[in-house]
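[1] Structure, please.
(2 chains)
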Amino acid sequence: AQSVTQLGSHVSVSEGALVLLRCNYSSSVPPYLFWYVQYPNQGLQLLLKYTTGATLVKGINGFEAEFKKSETSFHLTKPSAHMSDAAEYFCAVSDWGLTGGGNKLTFGTGTQLKVEL
Amino acid sequence: EPEVTQTPSHQVTQMGQEVILRCVPISNHLYFYWYRQILGQKVEFLVSFYNNEISEKSEIFDDQFSVERPDGSNFTLKIRSTKLEDSAMYFCASRGQGVADTQYFGPGTRLTVL
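    Just a heads-up that it's a prediction; the model follows:
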């Protein structure tokens, strides 16, 4: 079975500060990993994804994440937080490589990012 | 830019009633999904659908749930007899044919069972 752990259900940063949201995964096959963002009363929007190739992945709105197989991690970072980044962030892993897997996503519990002036 | 749409945005129903949640996936997508998110909890997989049949379902997706693609554009989730614990946000998602293709999510339907 696959699983995702997001450390820190709430993270608060100052505007302009580094954003670091942590994600660790468990998968029996090479993982496809995703970060989604959910703004209040909206659906899930893809920030970035890792499938194969370069382990440092760049996404929208200045976010990036690095796949580290040895640490089973896929942490999300942004050098300088903006007020508009306040939202909930979900890390997810796909079961694409599992026999019978239909590419369903297994999500972490989410991290609520607060950006303060 | 193509997007997944869902209707209604909010559905209130009485316990025991049937509800149908509707989704219009992105037009050239072939794989369709329903997920749900109970308030304050994580997003959970319910069911995946491909080639007019269910390809996978979770333990949550019991006999009270069904899915259908009635007309080649809509994708529906039916709950036959709603329970209080079915109250949640229900998300539809779709993706293209490639194994690495992104799942695109709709804005969700908030279901409230009274």
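[2] Skipping adjacent residues, who's closest to the spatially most central residue of chain B in space?
    Centroid check for chain B by C-alpha atoms, centre = their mean gives B:Trp34 as the closest residue, at 3.2 Å. Once flanking residues are discounted, B:Trp34 sits nearest to B:Leu46: 4.3 Å by C-beta to C-beta, 6 or more residues apart in numbering or on different chains. Bear in mind the C-beta positions are built from the backbone N, C-alpha and C, glycine included.
[3] Go ahead and list the helix or strand containing that neighbour.
    Using DSSP states H and E, the element containing B:Leu46 is strand B:43-50.
[4] Show me what whichever helix or strand comes after that strand is in contact with.
    Per DSSP H and E, strand B:43-50 leads on to strand B:53-57 as the next helix or strand towards the C-terminus. Strand B:53-57 is touched from outside by A:100-102, A:104, B:31, B:46-49, B:67, with contacts defined as C-beta atoms under 8 Å, 6 or more residues apart in numbering or on different chains.
[5] Give me the distance between A:Tyr39 and chain B.
    10 Å (C-beta to the nearest C-beta, to the nearest Å).
[6] Correct me if wrong: B:Thr13 contacts B:Arg110.
    No - look at B:Thr13 against B:Arg110 with C-beta atoms under 8 Å: they stay out of range, at 11.5 Å.
[7] thinking again about what came up before, show me the contacts for the residue nearest to the centre of chain B.
    B:Trp34 touches B:21, B:23, B:46-47, B:67, B:77, B:90-93, counting by C-beta under 8 Å, 6+ apart.
[8] Do a quick rundown of the strands in the chain.
    No chain specified, so I'll use chain A. A:3-5, A:10-14, A:19-21, A:24-26, A:32-38, A:44-50, A:56-58, A:64-68, A:73-78, A:87-94, A:105-107, A:111-116 (DSSP state E).
[9] meant chain B actually
    B:5-7, B:10-13, B:19-24, B:31-37, B:43-50, B:53-57, B:65-68, B:75-79, B:88-95, B:104-105, B:109-113.
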